[in-house]
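> What follows is a predicted protein model with its sequence.
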Amino acid sequence: MNSRYIFCSTDNNGCQIIQFDGFIDLDAYDTIAMRLRGDGRCYISTIYTENWVNSPGQQEDNSWQAFILAPKDTWHIAKIPLDRYLPTWRGNVIDAKLEMNPSRIVGMSLSVNAEGGVPGARTGPGDFKLGIDWIKALRT
């Protein structure tokens, strides 16, 4: 299998957001799957959707986040159901009953988790290493 490894570090301000040209429609899917190899840290998977929750004057897209564990030095397939992604505003969970619009995905990102998340996983500042083999949408 041909794999492409993407390694992120604090030298380049973390992982880059993947911005799509237009929208990605994930309405027919219910899960995001990723094949990762990491450092035992907890990461945050973020999906950005078209801004329909925030007030109309705001330019920021909506963000939906879920924790993900990247086991140390071993490849792992993580599956995150779309309904596990929580609506967030600048990293804080919005305390409201909102539903993601999976037909209007404008971007995705992975970032180091500052605190909390998966029990037993490393969090907070410091060096990190994350390899990504692939990311797919699944219907389970």
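Thanks, I have the structure now. Bear in mind that the values here come from a model prediction, so they are computed numbers and not experimental data.
> tell me which residues form a beta bridge with the residue positioned nearest the centre of the chain?
Nearest to the mean C-alpha position of the chain, counting by CA atoms, centre = their mean, stands Ser45 at 1.5 Å. Beta-bridge pairing for Ser45 (DSSP bridges): Ala66, Leu110.
> wait, it sits on Thr31?
No: under the criterion of CB atoms under 8 Å, Ser45 is not in contact with Thr31, lying 11.7 Å apart. Using the backbone N, CA and C atoms, a C-beta is placed for each residue, glycine as well.
> surely Gly107 meets Asn62?
No: at 10.7 Å, Gly107 does not count as touching Asn62 under the criterion of CB under 8 Å.
> These two: who's more crowded?
Remark: of Gly107 and Asn62, Asn62 carries more neighbours, 22 against 16, as counted by other CB atoms under 10 Å.
> Could you verify my assumption that the more buried one touches Pro87?
Yes: judged on CB under 8 Å, Asn62 makes contact with Pro87 at a distance of 6.6 Å.
> before we move on, the earlier item: common neighbours of Ser45 and Thr31, please.
Here Ser45 and Thr31 share the contacting residues Ile80, scored by CB atoms under 8 Å, 6 or more residues apart in numbering.
> Mind listing the shared neighbours of Gly107 and Asn62?
Shared contacts of Gly107 and Asn62 (CB under 8 Å, 6+ apart): Tyr48.
> Let me see the ranges of the strands in the chain.
Assigned by DSSP state E, the chain shows strands spanning 18-24, 31-37, 42-49, 62-69, 76-81, 86-89, 92-93, 105-112, 131-138.
> Relative to Ile68, how far out is the closest residue in space to Arg41 that isn't next to it in sequence?
Of all residues not flanking Arg41 in the chain, Arg122 sits nearest, at 4.6 Å (CB to CB, 6 or more residues apart in numbering). To Ile68, Arg122 is 13 Å away according to CB to CB, to the nearest Å.
> For the two, work out which one has more neighbours and name it.
Using other CB under 10 Å as the criterion, Arg122 and Ile68 rank with Ile68 on top: 24 against 18.
> Does that one touch Ser45 like I think?
Yes: Ile68 is within contact range of Ser45, at 4.9 Å (criterion: CB under 8 Å).
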